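S.K.: Quick one: sequence plus predicted model below, questions after.
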Amino acid sequence: MIPKVFREVIDLGDGREISIETGKLAKQAHGSVVVQSGKCMLLCTVVSNYEQKDLPFLPLTVDYREKFAAAGRYPGGFFKREARPSDGEVLTMRLVDRVLRPLFPKDYSAETQVMIQLMSHDDDVMPDAMAGLAASAAIQLSDFPFECAISEARVGRVNGEFVINPTRTQLAESDIEMMIGASADSVMMVEGEMDEISEEDMIEAIKFAHEAIKKQIDAQMKLADAFGRKEVREYEQGTEDEELEKKIHELAYDKVYAVAKAGSAKHERSEAFAAIKDEIKATYSEEELEEKGGLISDYYRKAEKAAVRDLTLNEGMRLDGRKTDEIRPIWCEIDYLPSTHGSAIFTRGETQALATVTLGTSRDANKIDMPSHEGEENFYLHYNFPPFCPGEARPIRGTSRREVGHGNLAQRALKGMIPADCPYTVRVVSEVLESNGSSSMATVCSGTMALMDAGVQLKKPVSGIAMGLISDADSGKYAVLSDILGDEDHLGDMDFKVTVTADGITACQMDIKVKGLSYEILVNALKQARDGRLHILTKLTDTIAEPAADVKPHSPKMVTRTIPNEFIGALIGPGGKVIQELQKETGTTIVINEDPVTEEGIVEILGTDQDGIDAVLTKIDSLMFKPQLNESYQVKVIKMLDFGAVVEYLDAPGNETLLHVSELAWERTENVSDVVNMGDEFEVKYLGTDPRTRKEKVSRKALLEKPEGYVERPPRRNNDRDRGRNDRNRDRKPRRD
């Protein structure tokens, strides 16, 4: 039976389009679509179980995978099967999850999976830009309780013109790369990197992307209508008790307000809030707690949230006693770890990050091997968030998605400031040691100082700040919060991280939890962030004003040398013998790459000992040494022979040639030792290659004056041996044709 296929097309302009199709694949899923642009095809399926789990959160899994077959490639490694997701796939999962999750009901707890797969790849289409569209379109065809359709789009700016879903080639020329997630009436998520753009430019880019997203949402609605909308499923919703909620609010609100107004530290405040909650619970019997304990906890959290938000909106005060635009105390230190190539501590309030820098060769670059993208990163940043930093004990199960995402944000913030001619591969690792507020922004700050401490010549220092928002739609009041606490992140309506130099924005990440946030509020948040970022930037530059002039004494020095391809084999040697022995003798690491443009060899020499590096350079110069005709060179006798002396060019150790006895002096020389001896140094003239012997010829006597009365000996005629050869030739019979 031929399936009935439903299809909608979105016009991106400039001849490109995106199609959404359903009815052909994965029909047992609760919703499935194929999204296609060019030859790029994504299959998205969504399934949600009908049984509710006894959980206080939604067990939602967003999974994005790229199949190597989509690009006609085999998976790398020993096992020829796709394994755990790459960092690139994890980042795409996060982009989709952050927009979808808030749109499910808070009391919906059925196991839900959104699976997106790259089935066909197109080099001119970046698939992650369509993942959010695919997920939302599939959900619209299901019976899930879901608030509204959303979509995501990437925006770039090439030659001053905004572009939706640019190609990788266009992105290389763009000064903006932002991913925006939104519903038809609200921007919900922003993430990206920029080339020091202004706040106004960032707002214009968001607006441009939002208009494109509205068209994608309209296409989803048309597809769902054509396919036939399903009735939203019924599920066991949480019970409500208005009388209990009112009572808990009366018992908790004033006490929480007083604790919040006291401006205490994180642990003191947490203990005080916990004591209020325990005090309220103590007024109920065990039977009541067993029956309504969950509701009591939920209503207490609502009362706590209301009290903290009202304190800020009504009095402009915050949980730790600060004003809305005030930054917590900051202290910094560089060169803290004696053995690293660079290190720095950044502490802001109760958030602390220790960053380290390691310098290496191109061999240490981070390899990217995805079906949609192959390449390598010569600058990369890793972020670690151990359980102890927020004062918790929990299992450690590898790198979390959150750690991947926060590390990527900090990497994007800093990478544009690494100079193009930096010879090193640079790895930054941020160890978060305390957390109450944005540790990713602390990572940017500590990373900046660690790079400068390591001697990496950053174009400009970068600082980061996390902003928050508390708003009340009924009264129209709102407060923009600079340098938010962890509690303010949970209780607020927006979490907005922005990284900047003194001249503009380099990266941002924003999650908006309230509908219909006006662009006016967003502009005000950006302007307030500008003041905070400059304050933090001053703290960084007070600690280290400019990058160290050179790397540390124990850090590796990097020297690069370009050599013609014809000499690469000589440097490597048979089976790598020459280069391996040279590395062992000099204590260096030598890496040889080929420049794809000039097709010459680029030799990277990494070592802590300058003498060792110089020895490698000398060896390279020696291999590339070519004496010029009629030029003079200083040589040293390294071997005595009966018919001459073997001499070595002093400017090119290892390059040797024969100085024939006849070229030692104008006078007839019976014994070589009468003129030169082992270790003697003198000049010779290079006479080129002898056409008869095809060997290089040098002369000492050519640089000496002829003795008075010297008579040039006539060239030798055929000797007896030659005459014998000629006689034999005459006796030979003529050859018949």
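M.R.: That came through, no problem.

S.K.: State the mean pLDDT of stretch 96-114.
M.R.: Stretch 96-114 carries an average pLDDT of 95.

S.K.: Kindly report the same for stretch 528-547.
M.R.: 92.

S.K.: Mind listing what's buried along it?
M.R.: 528-530, 532-533, 535-537, 539-541, 543-544, 547 (16 or more other C-beta atoms under 10 Å). Heads up, the C-betas are built off the backbone N, CA and C, glycines and all.

S.K.: Would you mind putting the CA coordinates of it into CSV?
M.R.: Coordinates of each C-alpha in stretch 528-547 appear next as CSV, following Å, rounded to 0.1, in the frame of the first residue of the first chain:
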residue,chain,number,x,y,z
GLN,A,528,23.4,47.0,32.4
ALA,A,529,25.6,44.1,31.5
ARG,A,530,27.9,46.5,29.7
ASP,A,531,28.7,48.4,33.0
GLY,A,532,29.2,45.1,34.9
ARG,A,533,31.5,43.6,32.3
LEU,A,534,33.8,46.7,32.3
HIS,A,535,34.0,46.5,36.1
ILE,A,536,35.0,42.9,35.9
LEU,A,537,37.4,43.5,33.0
THR,A,538,39.2,46.1,35.1
LYS,A,539,39.7,43.5,37.9
LEU,A,540,41.3,41.2,35.4
THR,A,541,43.7,43.8,33.9
ASP,A,542,44.6,45.0,37.4
THR,A,543,45.8,41.5,38.0
ILE,A,544,47.7,41.1,34.7
ALA,A,545,47.7,44.1,32.4
GLU,A,546,49.0,42.4,29.3
PRO,A,547,50.2,39.0,28.1
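
S.K.: For that stretch, what is the distance to the chain centroid?
M.R.: 23 Å (C-alpha atoms, centre = their mean, to the nearest Å).

S.K.: Relative to residue 27, which of the buried residues of stretch 528-547 is nearest.
M.R.: Using C-beta to C-beta, residue 529 is the member of the buried residues of stretch 528-547 that sits closest to residue 27, with 48.0 Å.

S.K.: give the contact list for residue 187.
M.R.: By C-beta atoms under 8 Å, 6 or more residues apart in numbering, the contact set of residue 187 is 180, 181, 206, 210, 512, 517.

S.K.: Okay, and the beta partners of it?
M.R.: residue 182 (DSSP bridges).

S.K.: gap between it and residue 206?
M.R.: Distance check for residue 187 against residue 206: by C-beta to C-beta, to the nearest Å, it reads 6 Å.

S.K.: Quick check: neighbours shared by these two?
M.R.: Joint contacts of residue 187 and residue 206 (C-beta under 8 Å, 6+ apart) are residue 180.

S.K.: is it possible to export the contacts of residue 187 to JSON lines including pLDDT and secondary structure?
M.R.: Converted to JSON lines, the contacts of residue 187 look like this (pLDDT from 0 to 100; DSSP: H, G, I helix; E, B strand; the rest coil):
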{"residue": "180", "pLDDT": "96", "secondary structure": "strand"}
{"residue": "181", "pLDDT": "96", "secondary structure": "strand"}
{"residue": "206", "pLDDT": "94", "secondary structure": "helix"}
{"residue": "210", "pLDDT": "95", "secondary structure": "helix"}
{"residue": "512", "pLDDT": "88", "secondary structure": "strand"}
{"residue": "517", "pLDDT": "77", "secondary structure": "coil"}
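
S.K.: Could you single out the nearest of those residues to residue 662?
M.R.: residue 180 (82.8 Å).

S.K.: Need the pLDDT of the nearest residue to that closest one once chain neighbours are set aside.
M.R.: Excluding the flanking residues, the one nearest residue 180 by C-beta to C-beta, 6 or more residues apart in numbering is residue 209, at 3.9 Å. At residue 209, the predicted lDDT confidence score is 96.

S.K.: just residue 725 next, same as before
M.R.: Reported pLDDT for residue 725: 53.

S.K.: Could you pull up the contacting residues of residue 261?
M.R.: Counted by C-beta under 8 Å, 6+ apart, residue 261 has contacts 311, 315, 317.

S.K.: rerun that using 6 Å as the cut-off
M.R.: residue 311 (C-beta atoms under 6 Å, 6 or more residues apart in numbering).

S.K.: Give me the distance between the helix or strand hosting it and the centre of its chain.
M.R.: Here residue 261, judged by DSSP states H and E, is contained in helix 242-262. Relative to the chain's own centre, helix 242-262 is displaced by 45 Å; criterion: C-alpha atoms, centre = their mean.

S.K.: Can I get it in PDB, CA atoms only?
M.R.: C-alpha atoms of helix 242-262 as PDB (Å, rounded to 0.1, in the frame of the first residue of the first chain):
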ATOM      1  CA  GLU A 242      -6.200  26.100  47.200                       C
ATOM      2  CA  GLU A 243      -6.900  26.300  51.000                       C
ATOM      3  CA  LEU A 244      -3.600  24.500  51.800                       C
ATOM      4  CA  GLU A 245      -1.700  26.700  49.400                       C
ATOM      5  CA  LYS A 246      -3.100  29.800  51.000                       C
ATOM      6  CA  LYS A 247      -2.200  28.600  54.500                       C
ATOM      7  CA  ILE A 248       1.300  27.700  53.600                       C
ATOM      8  CA  HIS A 249       1.800  31.000  52.000                       C
ATOM      9  CA  GLU A 250       0.600  32.800  55.100                       C
ATOM     10  CA  LEU A 251       2.900  30.700  57.300                       C
ATOM     11  CA  ALA A 252       6.000  31.100  55.100                       C
ATOM     12  CA  TYR A 253       5.900  34.300  53.200                       C
ATOM     13  CA  ASP A 254       6.900  36.900  55.900                       C
ATOM     14  CA  LYS A 255       9.500  34.600  57.400                       C
ATOM     15  CA  VAL A 256      11.100  33.900  54.100                       C
ATOM     16  CA  TYR A 257      11.000  37.700  53.200                       C
ATOM     17  CA  ALA A 258      12.800  38.500  56.500                       C
ATOM     18  CA  VAL A 259      15.600  35.900  55.800                       C
ATOM     19  CA  ALA A 260      16.000  37.100  52.200                       C
ATOM     20  CA  LYS A 261      16.200  40.700  53.300                       C
ATOM     21  CA  ALA A 262      18.900  39.900  55.900                       C
END
